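K.L.:
Just a sequence and a predicted model for now, questions to come.
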Amino acid sequence: MPPEPEEVQVRPGVEDDLTALTDLYNHYVRETAITFDTAPFTPQERLPWLLSHPVDGPYRLMVATDTGSRRILGYATSSPFRPKPAYATSVETTVYVAPDAGGRGIGTLLYKALFEALAGEGLHRACAGVTQPNDASTRLHERFGFRYVGTYREVGRKFDRWWDVAWYEKEL
């Protein structure tokens, strides 16, 4: 059953979230091709990632928690699209939802909060790569106005198979 909006709080991520965020991400590392990381991380290894997403600016980390248990249900980020200076007005966005929280609108709440936080940051474009197949992620991105721009074929190898990545973009 989907949570009522008041049952879920979306807020900026903080250092106290690091262990839970690492555990959530490691599920996707170990069990899926959604990320092309292949070895789980320790919280200490993920600390630079967390610190690269401050509470303001173009690179954000938004966390959804259950208001009762305060358990992390998912997170969304905006990160540098590419390291070269001319890309500074573009970000890559992503969403990870706890495996038992999928289909409950958590990704929608996270993206809504993320894009509201990014308004006024001088950004021009958001990009998102979606490992195929991933119908839920495709629907989420399309719901937020992302448009499909192309697929990189067999660009990732994980679990002894090749994976395609579909790319989407959205004007900010």
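P.N.:
Okay, I see it.

K.L.:
rest of the way, CA atoms for contacts and neighbours
P.N.:
Noted.

K.L.:
Spit out the contact partners of residue 89.
P.N.:
Contact analysis of residue 89 by CA atoms under 8 Å, 6 or more residues apart in numbering lists 122, 123, 124, 125.

K.L.:
Across the sheet, point out what pairs with the last one.
P.N.:
Beta-bridge pairing of residue 125 under DSSP bridges involves residue 90, residue 171.

K.L.:
which residues does it contact?
P.N.:
89, 90, 91, 169, 170, 171, 172.

K.L.:
Check the third one too.
P.N.:
Applying CA under 8 Å, 6+ apart, we find residue 124 in contact with 89, 90, 171, 172.

K.L.:
cool, and residue 11?
P.N.:
Contacts were defined as CA under 8 Å, 6+ apart; by that measure residue 11 touches 62, 63, 64.

K.L.:
Let me know the closest of the contacts of residue 89 to residue 13.
P.N.:
Minimum distance to residue 13 across those is 20.6 Å, recorded for residue 123 (CA to CA).

K.L.:
so how far is residue 76 from the most far-flung residue of the chain relative to its centre?
P.N.:
Distance to the chain centre peaks in the chain at residue 160, reaching 24.6 Å (criterion: CA atoms, centre = their mean). According to CA to CA, to the nearest Å, residue 160 and residue 76 sit 28 Å apart.
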